[in-house]
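1. Sharing a model prediction with you, sequence too.
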Amino acid sequence: MIVETLAVGPLQANCYILGCEQTREAVVIDPGDEAPRIAARLRQLELHLKQVIATHAHLDHVLGVRGLCEETGAPFLLHPLEEPVLAVLQDWTRLWLGYDPGPPPTVDGYLSEDEPVAFGKCELEVRLTPGHSPGSVSLVDHAGRRVFVGDLLFQGSIGRSDLPGGDHATLIRSVETRIFPLGDDYAVLTGHGPATTVGRERRLNPFFNRRAGLW
């Protein structure tokens, strides 16, 4: 699988381009801004965008969605529990970034734990991992032994849970029951900052290392 990371927008969110090497079909995870840059990179890689996916609907993960979908014709997928978060995108962008981004992008389909994300010969398992926001998902590439977690978990830290729909206890439970059991060797590709591994966070993350004996 082709995996490229682009840090986009003023909040430097990690946008991921994933491509099937055999078929050249691709998905983009969390296009938080800079849609023309993302589209240009897809063209350089000679990838055909099949789907645009957001791990959650906070502004720094979806502000590039509409532009990318308009340029490529790809549908936008989101978990249904994130619809209320997406609905206030304009208000939050005005408040945080000081400009009006226009109406939120249209959701063309919903992510579900019952249906993997497939592109070419590649597949991602969808896991609902709430806590940072109510419908946050993590996308697991079992073949590559990696997981894309959005803002659920970071190197040495966790996502904030003080925004509407967030809950600290729920976030901790999501990591402990949905991410840690994947295995220590799984790479964790985060919504901001450097990648890490399940093992590193289980052992060293101060929010979890006291629980290390559980895993």
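-> Yep, that arrived.
2. packing partners for the worst-scoring helix or strand of the chain on mean pLDDT?
-> In the chain, no helix or strand scores lower on mean pLDDT, DSSP states H and E than helix 89-97, which sits at a mean of 92. Counting contacts by 3 or more CB pairs under 8 Å, 6 or more residues apart in numbering; DSSP states H and E, helix 89-97 is packed against helix 59-62. From N, CA and C alone the C-beta is placed, and that goes for glycine too.
3. what comes up buried for the helix it packs on?
-> Applying a neighbour-count criterion of 16 or more other CB atoms under 10 Å, one finds 59, 60, 61, 62 buried in helix 59-62.
4. any idea which of the residues you listed is closest to residue 49?
-> Of all these, residue 62 has the smallest distance to residue 49: 15.7 Å, by CB to CB.
5. Verify the contact between that closest one and residue 106 for me.
-> No: using CB atoms under 8 Å, residue 62 is not in contact with residue 106; the gap is 11.6 Å.
6. OK, contacts around residue 6?
-> 14, 15, 16, 17, 34, 37, 38, 41 (CB atoms under 8 Å, 6 or more residues apart in numbering).
7. got a list of what residue 102 touches?
-> Residue 102 touches 66, 90, counting by CB under 8 Å, 6+ apart.
8. One more: residue 161?
-> By CB under 8 Å, 6+ apart, the contact set of residue 161 is 131, 132, 167, 168, 170, 171.
9. and it, what pLDDT?
-> We have a pLDDT of 95 for residue 161.
10. State the number of residues packed around the residue lying closest to it once chain neighbours are set aside.
-> Distance criterion CB to CB, 6 or more residues apart in numbering; nearest residue to residue 161, sequence neighbours excluded, is residue 168 at 4.3 Å. With neighbours defined by other CB atoms under 10 Å, the count for residue 168 comes to 15.
11. Quick one: low-confidence residue ranges for the chain.
-> By pLDDT under 70, the low-scoring segments of the chain are 209-215.
12. Tell me where it has helices.
-> Remark: helices assigned in the chain by DSSP state H are 35-44, 59-62, 65-72, 83-87, 89-97, 168-174, 198-204.
13. just the angle between the third one and helix 35-44, please?
-> For the pair helix 65-72 and helix 35-44, the angle between their directions (axes from the mean of the first three to the mean of the last three CA atoms, to 10 degrees) equals 40 degrees.
14. And helix 65-72, what's buried?
-> Within helix 65-72, the residues scored as buried using 16+ other CB under 10 Å are 65, 66, 67, 68, 69, 71, 72.
15. Turn these into TSV, columns for distance to residue 190.
-> Listed next are those as TSV, based on distance: CB to CB, whole Å:
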residue	distance to residue 190
65	19
66	24
67	24
68	21
69	24
71	26
72	25
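16. Closest to residue 111 out of the residues you listed?
-> residue 65 (13.6 Å).
17. And the strands in this structure?
-> 2-8, 13-19, 25-29, 48-53, 76-78, 109-110, 117-119, 122-128, 137-141, 146-150, 153-154, 157-158, 187-190, 196-197 (DSSP state E).
18. Could you list the paired strands of the fifth one along with their orientation?
-> When you say that, I think you mean strand 76-78. Strand 76-78 sits in its sheet next to strand 48-53 (parallel), strand 109-110 (parallel), going by DSSP bridges.
19. I'm done for today, thanks for sticking with me.
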